[in-house]
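Engineer: Would you be able to build a 3D model of this:
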Amino acid sequence: MQKSTFLIKKMDCAAEEQLVRMKLQEVEGIQQLSFDLANRKLEVIHIGEVEPIAGAIHELKLDDHFVSSENTDGISYRETESNERKLLIYVLLINAFFFVVEMITGFISHSMGLVADSLDMLADALVYGLSLYAVGGTILRKKKVAKVSGYFQLFLALLGFSEVIRRFLGYGETPVFSTMIIVSLLALLGNAASLVILRKTQSDDAHIKASQIFTSNDVIINIGVMIAGALVYFTNSRYPDLIVGTIVFAIVLRGAFRILKLAK
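Structural biologist: Below you'll find the predicted structure:
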């Protein structure tokens, strides 16, 4: 039995951790995975050669680097299937709830920033949902759901881009800045709640530091929408909202392509 260590530089949040988990389900001989998001490190307990594992990780294009392999007497990390399923359900529900809230309030307040942020929540929810559905399931089932979810997310992102372009051309109303700020603040609290839940899967104190990295992408988006709301108020212009919306739609689009890679 071997313990192989990888550095994955672009693995800085829970969604990317789940992408790696799902990808490695295709590889035979893996006994256990241990993630250290603070240091962007993955340790794999496995039987057999490391090359199939390294190849699967490299296909995700997360700037990975194989560090070393060494013999080990057994598995030093334990995660039960039931505990993993329960935590994934909690985080899935939080992300799905804020997807609905931000989507509705985004259209009501004419804010593309909120609509884009809702799709980012949807992207996370899809990843957690795929992971949840794949727990104890077959690779074929996982790939079918990944393909449908990836194309759905891709469609929504492109639809969002088209709406941003339409509004840049002068159509639509100036967004309601107060709604942008309040709802984004609530979404930020939702991300913090997800963080607390997901930290329960980690027993190493080093992952307290990882929590700052863990939510960095989503928190930056939430803060960006709040700043855009303030700029909308001071400038009485729709452009700050549209700029933030464009950036977030690009992030969502990147997530869609990552999910589709899993379906190959």
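
Engineer: For the stretch 1-150 of the chain, just list every one of the strands.
Structural biologist: With DSSP state E, counting those that start in this stretch, the ranges of strands along the stretch 1-150 of the chain come out as 2-8, 30-36, 41-46, 64-71.

Engineer: angle of the first one against strand 30-36?
Structural biologist: To tie it back to what came earlier, the one meant is strand 2-8. Between strand 2-8 and strand 30-36, the angle comes out at 40 degrees (axes from the mean of the first three to the mean of the last three Cα atoms, to 10 degrees).

Engineer: Adjacent strands (with direction) for strand 2-8?
Structural biologist: Under the criterion DSSP bridges, strand 2-8 sits next to strand 41-46 (antiparallel), strand 64-71 (antiparallel) in its sheet.

Engineer: For A192, find the nearest of those strands.
Structural biologist: Nearest to A192, of all the strands paired with strand 2-8, is strand 41-46, at 24.0 Å by Cβ to Cβ. All C-beta spots, glycine's among them, are computed from the backbone N, C-alpha and C.

Engineer: tell me the mean pLDDT over that closest one?
Structural biologist: Across strand 41-46, pLDDT averages out at 92.

Engineer: Just the CA atoms of that strand, as PDB, please.
Structural biologist: C-alpha atoms of strand 41-46 as PDB (Å, rounded to 0.1, in the frame of the first residue of the first chain):
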ATOM      1  CA  LYS A  41      -2.200  19.300  -0.900                       C
ATOM      2  CA  LEU A  42      -3.700  15.900  -1.500                       C
ATOM      3  CA  GLU A  43      -2.600  12.600   0.000                       C
ATOM      4  CA  VAL A  44      -3.800   9.400  -1.700                       C
ATOM      5  CA  ILE A  45      -3.700   6.000   0.000                       C
ATOM      6  CA  HIS A  46      -3.700   3.500  -2.800                       C
END
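
Engineer: State the phi and psi torsions of E49.
Structural biologist: phi -70, psi 150 (degrees, to the nearest 10).

Engineer: Export stretch 251-258 to PDB, keeping only CA atoms.
Structural biologist: Taking Å, rounded to 0.1, in the frame of the first residue of the first chain, the C-alpha atoms of stretch 251-258 are listed here in PDB:
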ATOM      1  CA  ILE A 251     -16.300  32.400 -13.400                       C
ATOM      2  CA  VAL A 252     -19.500  30.400 -13.800                       C
ATOM      3  CA  LEU A 253     -18.600  29.600 -17.400                       C
ATOM      4  CA  ARG A 254     -15.200  28.300 -16.300                       C
ATOM      5  CA  GLY A 255     -17.000  26.100 -13.700                       C
ATOM      6  CA  ALA A 256     -19.300  24.600 -16.400                       C
ATOM      7  CA  PHE A 257     -16.300  23.600 -18.500                       C
ATOM      8  CA  ARG A 258     -14.700  21.900 -15.500                       C
END
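
Engineer: buried set for that stretch?
Structural biologist: 251-253, 255-256, 258 (16 or more other Cβ atoms under 10 Å).

Engineer: Please verify my assumption that R258 contacts V20.
Structural biologist: No. Contact between R258 and V20 fails when scored by Cβ atoms under 8 Å: they sit 10.6 Å apart.

Engineer: Mutual contacts of the two, please.
Structural biologist: By Cβ atoms under 8 Å, 6 or more residues apart in numbering, R258 and V20 have these common neighbours: L60.
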